[in-house]
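Visitor: No letters, just coordinates:
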Ligand code: HEM
Ligand code: HEM
């Protein structure tokens, strides 16, 4: 099925990073949409914000570990038996997911850093990740918009990603089942 010099699966570190990141980010998407939608005058409006931010910073760390691990490789060669357009689309979606992960995490950190009413990101009361910018209403608004737009792009990319995995597993030939390479 695979050529001699190519690996059959993603390496253990890449598989662990994929699933831990996926779980964290999917939870952050749900919590993010939920908390942003709570009425600003509600007493519990800001209850979830600190938790979202702390897990968001964990996601940032995970993404920054994952990129060099991915660059170092090795990674399995493209799955057998797929159409050219399927290879192109999966490749584009994977790049999109990496860009969205970077944009989502850094826009969150920058949004917090430029926000006048907080200092740093509190990590569960243990320590605080310092600000990396000066305070600015203008830039806070920009990063807020980047965060929201990327959130919606993420939903679209993730839907394509899941549709691809499901199709290759359920509808295509056995050699195309990419889920095997990630578990
Ligand atoms: C991959 C990581 C992250 C994901 C998937 C994520 C997801 C989301 C989503 C879906 C929203 C709601 C967007 C909207 O409806 O406008 C949101 C809002 C927010 N996020 Fe994140 N987030 C992440 C990281 C972070 C980080 C690192 C921070 C800050 C340190 C952060 C701070 C916030 C804040 C303050 C809001 C609320 C904005 C508002 O009140 O409208 N997020 N996030
Ligand atoms: C927020 C959630 C997720 C993100 C950000 C994400 C991101 C990614 C990225 C960037 C890749 C490309 C790996 C590389 O070549 O470096 C990938 C591969 C993969 N993902 Fe996800 N993923 C997520 C959720 C899921 C879920 C829920 C599933 C299971 C249904 C899944 C199944 C897979 C599989 C099977 C591959 C391997 C594809 C192949 O070998 O061509 N992912 N994922």
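Guide: Great, that's in hand. The structure displayed is predicted, hence computed values, not measured ones. Ligands and ions are numbered 1, 2, ... in the order given.

Visitor: C-alpha only now, for contacts and for neighbours.
Guide: Noted.

Visitor: Near ligand 1, which residues of the chain are found?
Guide: By CA under 6 Å from any ligand atom, the residues of the chain that approach ligand 1 are 25, 28-29, 32-33, 36, 53, 56-57, 59, 101, 104-105, 108-109, 112, 121, 148, 151.

Visitor: do the helix or strand bottoming out on mean pLDDT in the chain and ligand 2 meet at all?
Guide: Of all helical and strand segments in the chain, the minimum by mean pLDDT, DSSP states H and E falls on helix 179-182, at a mean of 94. Yes. Using CA under 6 Å from any ligand atom, we find that helix 179-182 touches ligand 2 at 179, 181-182.

Visitor: What segments of the chain are helices?
Guide: For the chain, the helices defined by DSSP state H cover 12-37, 49-72, 84-114, 137-170, 179-182.

Visitor: Mean neighbour count, those helices: which tops it?
Guide: Burial of these is given as mean neighbour count (mean count of other CA atoms under 10 Å); helix 84-114 ranks first at a mean of 18.

Visitor: Around ligand 2, which positions in the protein sit nearby?
Guide: Proximity of the chain to ligand 2 (CA under 6 Å from any ligand atom) is limited to residues 22, 25-26, 70, 94, 97-98, 162, 165, 178-179, 181-182.

Visitor: Out of those, flag the one nearest to residue 131.
Guide: Set against residue 131, the nearest of those by CA to CA is residue 25 (22.2 Å).

Visitor: and the gap between that closest one and residue 17?
Guide: Note on residue 25: its distance to residue 17, by CA to CA, to the nearest Å, is 12 Å.

Visitor: Apart from its neighbours in sequence, what residue is nearest residue 96?
Guide: Nearest residue to residue 96, sequence neighbours excluded (CA to CA, 6 or more residues apart in numbering): residue 157, at 7.0 Å.

Visitor: That neighbour touches residue 98, doesn't it?
Guide: No. Assessed by CA atoms under 8 Å, residue 157 is found out of contact with residue 98, at 10.3 Å.

Visitor: contacting residues around the residue positioned nearest the centre of the chain?
Guide: Centroid-nearest residue in the chain: residue 101, 3.7 Å away (criterion: CA atoms, centre = their mean). Contacts for residue 101 (CA atoms under 8 Å, 6 or more residues apart in numbering) come out as residue 63.
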